[in-house]
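Chemist: Sequence and predicted structure, then a few things I'm wondering about:
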Amino acid sequence: MLEVQGLQAAYGASQVLFGVDLAVGAGEVVTLMGRNGMGKTTTVNAIMNIVRPTAGRVTMDGTDLGDRPTYRIAQAGIGLVPEGRQIFPNLDVHENLVATAAQRRRGGSPWTLERIYQLFPVLRERRGSMGNLLSGGEQQMLAIARALMTNPRLLILDEATEGLAPLIRQEIWAVLERLKQEGISILLIDKNVRDLMRIADRHYIMEKGRVAWQGSTGALRQEDGLLARYMGV
């Protein structure tokens, strides 16, 4: 579904990505792992053309996304839950959900307000509350829900549970498992390695702007010392 080949990116004169290759297949959950500052968020932003790549190729279902603006990449079927949530603070929950709603996924049950409220009951209770009045956990649920309302074929989550209380983290992981069961492809960044390995099919570990290791969850479990070397765990 998503294929990234030789992706390079820089901030001014400082190059950050050095030929990143990765792929996400239909129905797969794939992770980007690594310590802070290794290029994970830059990779996501380069895929979405938030950071303009200096080299490489990004395709979705074989279609080159090339120099498309970010909103066109979203229209190609990619839903982004960015680091820091970035919900619309001056809109209420309902308005956040309908602002970018679209039907971009073929087959299956589309994501509607009712399905979103079933997935996140707290958002139904808070639907009239402004975004900036929500707790951090509620904002993250809203960010995920907003992305789902675009009915993407691929969902990208950058730091899915960062800074959230343990009970909220558990709820987010349960939601991601449900989305996997529904066949949504997911590219996932998070620091909770145990949960990543529990729900993901494959992993890419980044080190200094490059993919240092890739493989299945089974292969990762068998690699003694790998996580300690690249993740410090």
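Modeler: Okay, I see it.

Chemist: What strand or helix carries residue 196?
Modeler: With the criterion set as DSSP states H and E, the secondary-structure element containing residue 196 is helix 193-199.

Chemist: Return the set of buried residues in that helix.
Modeler: Within helix 193-199, the residues that qualify as buried are 195, 196, 197, 199, counting by 16 or more other C-beta atoms under 10 Å. C-beta: built from backbone N, CA, C; applies to glycine.

Chemist: What of stretch 37-47?
Modeler: Within stretch 37-47, the residues scored as buried using 16+ other C-beta under 10 Å are 38, 39, 40, 41, 42, 43, 44, 45, 46, 47.

Chemist: quick one: which of those sit in strands?
Modeler: Of the positions in these, not one sits in strands, assigned by DSSP state E.

Chemist: Now render these as a markdown table, adding distance to residue 138.
Modeler: Putting the buried residues of stretch 37-47 into a markdown table (distance: C-beta to C-beta, whole Å) gives the following:
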| residue | distance to residue 138 |
| --- | --- |
| 38 | 30 |
| 39 | 30 |
| 40 | 25 |
| 41 | 23 |
| 42 | 28 |
| 43 | 28 |
| 44 | 23 |
| 45 | 25 |
| 46 | 30 |
| 47 | 27 |
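
Chemist: For the helix of greatest length in the chain, name the packing helices and strands.
Modeler: Ordering each helix of the chain by length in residues (DSSP state H) puts helix 166-181 first. On a contact count with 3 or more C-beta pairs under 8 Å, 6 or more residues apart in numbering; DSSP states H and E, helix 166-181 meets helix 136-148, strand 185-189, helix 193-199.

Chemist: Recalculate using a threshold of 6 Å.
Modeler: Applying 3 or more C-beta pairs under 6 Å, 6 or more residues apart in numbering; DSSP states H and E, one finds that helix 166-181 makes contact with helix 193-199.
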